[in-house]
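Novice: give me the fold of what follows.
(one chain, ligands or ions: 4)
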Amino acid sequence: MIDSPEAKFAVAAVREAAQLVRRVQAEMVTDALEKGDKSPVTVGDFTAQAVIARRLQDNFPGVKLVGEESAADLREEAGTETLEQVTHFVRMVLPHATAEEVCDWIDFGTADAEGEYWTLDPIDGTKGFLRGDQYAVAFALIKDGQVQVAALGCPELADATSPAKGGDGSVLLAAKGQGARCQSMADPSAEWKPLSTSDLSDPAGARVLRSVEKGHTNMGQIDYFAEALGITADPVGMDSQAKYAVLAAGGGEMLLRLMSPKMPDYQERIWDQAAGSLVITEAGGRVTDLDGRPLDFSHGRTLAQNRGVLATNGPLHDAALEALKSVGA
Ligand SMILES: Nc1ncnc2c1ncn2[C@@H]1O[C@H](COP(=O)(O)O)[C@@H](OP(=O)(O)O)[C@H]1O
Ligand SMILES: [Mg+2]
Ligand SMILES: [Mg+2]
Ligand SMILES: [Mg+2]
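Specialist: Numbers count the residues shown, from 1 in each chain. Ligands and ions are numbered 1, 2, ... in the order given. As a prediction, the model looks like this:
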């Protein structure tokens, strides 16, 4: 599967979209629009979803796409200027695109999450993108609730073994049962490096990765969790599934998405977890929810049967689950 047409397509698609999003960031001040749930969406998010959706239809006619964004706001009067900007960037790779087509391609991503489908987060970590920090294009193929192929494009991840920002960026690819690998985002002919998680087995030495945004997790509880394990190093804040890439490459041992006190009933979205979770498990790590249950991708657009996410290098997973229980997470 890692050499399959689907895997090759996925990595090429995230690379093209991630490079385009980087140009959006370089060439314009990206004012965000506010969605119904008050979260931001930018020209970059719409551009990436339009291009990947169009490429998907060209390469695999008849497949389904479940994307984070929709073109509803772009089709409104108030969205006209944003739509013009999105069309401008889409034309950098699809020169004949019209505004109408751009909306249709984005809305191709509104399929039902059932059976076999691709899922796309055109920019994961939009808040990180707006701040100039980490973000990722996350794309995965799901069949009957199982993630089969995963690709991540991380323009600000110089080298997945470290959370450091900058450089040429990285792309990651994983296929179920066939491992995970990473390559420079700048050069599709560069060497692929196999990914494997850290083999640390002493919890006190664990490097903990978490969101930057306090509204996406529970910062205080993460501190208690670390204390319970005797961890003295501060947790590392990183936006997006770039932190899943770092865990997969051995640059950290634990990744936590705890329930935010403001949204205790939040259900994780499939596009926020599908690609990142396969990259980690194929690199030798473990991914469950906070209760130790496997992530269940067979309930539509959200992980309705799960609560939060715990990902680890593998050896530390049981200790992390115990510590979560002890702090009431
Ligand atoms: N209350 C909440 N709890 C957990 N995740 C949330 C959340 N509200 C939004 N998110 C998700 O957190 C993602 C970013 O994760 P992180 O904090 O790790 O960067 C967002 O993805 P988008 O940026 O694609 O919208 C969004 O889907
Ligand atoms: Mg969003
Ligand atoms: Mg996201
Ligand atoms: Mg997003």
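Novice: burial measure for Asp272, as a count.
Specialist: Asp272 has 23 neighbours, counted by other Cβ atoms under 10 Å. Backbone N, C-alpha and C define where each C-beta goes, glycine included.
Novice: quick one: name the residues of the stretch 1-150 of the chain near ligand 2.
Specialist: The stretch 1-150 of the chain comes close to ligand 2 at residues Ser39, Thr126, as judged by Cβ under 5 Å from the ion.
Novice: quick one, strands of the stretch 1-150 of the chain?
Specialist: For the stretch 1-150 of the chain, the strands defined by DSSP state E, counting those that start in this stretch occupy 33-34, 40-41, 65-67, 116-124, 136-143, 146-154.
Novice: want to throw the ones you listed into a markdown table with mean neighbour count?
Specialist: A markdown table is the format used below for the strands of the stretch 1-150 of the chain (neighbours: other Cβ atoms under 10 Å):
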| stretch | mean neighbour count |
| --- | --- |
| strand 33-34 | 13 |
| strand 40-41 | 18 |
| strand 65-67 | 24 |
| strand 116-124 | 26 |
| strand 136-143 | 28 |
| strand 146-154 | 27 |
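Novice: any idea which of these scores lowest on pLDDT?
Specialist: Looking at the strands of the stretch 1-150 of the chain, the lowest mean pLDDT belongs to strand 33-34 (a mean of 92).
Novice: quick one: contacts of it?
Specialist: Pro40, Val41, Thr42, Asp73, Gly79, Thr82 (Cβ atoms under 8 Å, 6 or more residues apart in numbering).
Novice: and for Trp192, the neighbour number?
Specialist: 14.
Novice: in space, what's closest to Met259 - neighbours in sequence excluded?
Specialist: Gly308 (5.5 Å; Cβ to Cβ, 6 or more residues apart in numbering).
Novice: how about Phe108?
Specialist: Ala53 (4.3 Å).
Novice: again, but for Ala228
Specialist: Ala228's closest residue in space is Ala323 (Cβ to Cβ, 6+ apart), at 4.4 Å.
Novice: one more: Phe89?
Specialist: Thr47 (4.4 Å).
Novice: now Glu116
Specialist: Lys143 (4.7 Å).
Novice: neighbouring strands - and their directions - for the helix or strand of the chain with the lowest mean pLDDT?
Specialist: Each helix and strand of the chain was given a mean pLDDT (mean pLDDT, DSSP states H and E); the minimum falls on strand 33-34 at a mean of 92. Strand 33-34 has its sheet partners listed here by DSSP bridges as strand 40-41 (antiparallel).
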